[in-house]
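Participant: Prediction below, plus the sequence it came from.
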Amino acid sequence: MSLAIRVEGSTDVPVARKVLELAGWESPFAIIDMGGNVSMDNDLRGYNAAAKGSPWFILRDLDHDAPCPGALVATLLPQRQPLMCLRIAVRAGEAWLTADPETLAGFLHVSRAQIPGNPDGEDDPKLTMVGLARRSTKPTIKKAMLPLQGASRRVGPG
């Protein structure tokens, strides 16, 4: 059985891939980056209708759209189909990454002490990750994660 997968943005793709692998789904996955929550939210009811016959996995950030994930799910998808799996990352998928400080510190080549102790308390976890990348001792991390000079994007190309 194939699994339809949608994520809010490009930084959510590896997070979704790992979550699904840990849940026992076979890789490779065809993960569709929706380019933001507005596009995803507009299509969510259609995805839910499709979930009557096939499984769907949707990963969306909470951001500041509701006081908690349950309230957001109730608003976005009040009649969820049994094969629909909608998961809300508090505040964003990047907060999930900072919840594993040892692994993240090793990956980014930063001190463990620099990783925030309360990931869900970070106002903008994506910018927290960019800030950690600025402190990295590894040039490839900085090149991938930091915004290019003069770019309007808040994150780097990787």
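Facilitator: That came in fine, so what should we check first? Numbering: from 1, shown residues only.
Participant: Can you show me the strands along the chain?
Facilitator: Remark: strands assigned in the chain by DSSP state E are 4-7, 31-33, 56-61, 84-89.
Participant: Using a markdown table, please lay out those together with mean pLDDT.
Facilitator: Converted to a markdown table, the strands of the chain look like this (pLDDT from 0 to 100):
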| stretch | mean pLDDT |
| --- | --- |
| strand 4-7 | 95 |
| strand 31-33 | 93 |
| strand 56-61 | 95 |
| strand 84-89 | 94 |
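Participant: how about the closest residue to A105 other than its chain neighbours, what does it touch?
Facilitator: Nearest residue to A105, sequence neighbours excluded (Cβ to Cβ, 6 or more residues apart in numbering): R112, at 4.3 Å. C-beta coordinates here come from the backbone N, C-alpha and C atoms, glycine included. Contacts for R112 (Cβ atoms under 8 Å, 6 or more residues apart in numbering) come out as 101-102, 105.
Participant: Just the local confidence number for R112, please.
Facilitator: At R112, the pLDDT value in this model is 96.
Participant: re earlier: right, and the strands of the chain - which one's nearest D124?
Facilitator: Set against D124 and scored by Cβ to Cβ, the strands of the chain come closest in strand 56-61, at 10.5 Å.
Participant: That closest one packs against which elements?
Facilitator: Using 3 or more Cβ pairs under 8 Å, 6 or more residues apart in numbering; DSSP states H and E, the elements in contact with strand 56-61 are strand 4-7, helix 13-22, helix 37-50, strand 84-89.
Participant: mind running it again at 6 Å?
Facilitator: Judged by 3 or more Cβ pairs under 6 Å, 6 or more residues apart in numbering; DSSP states H and E, strand 56-61 is in contact with strand 4-7, strand 84-89.
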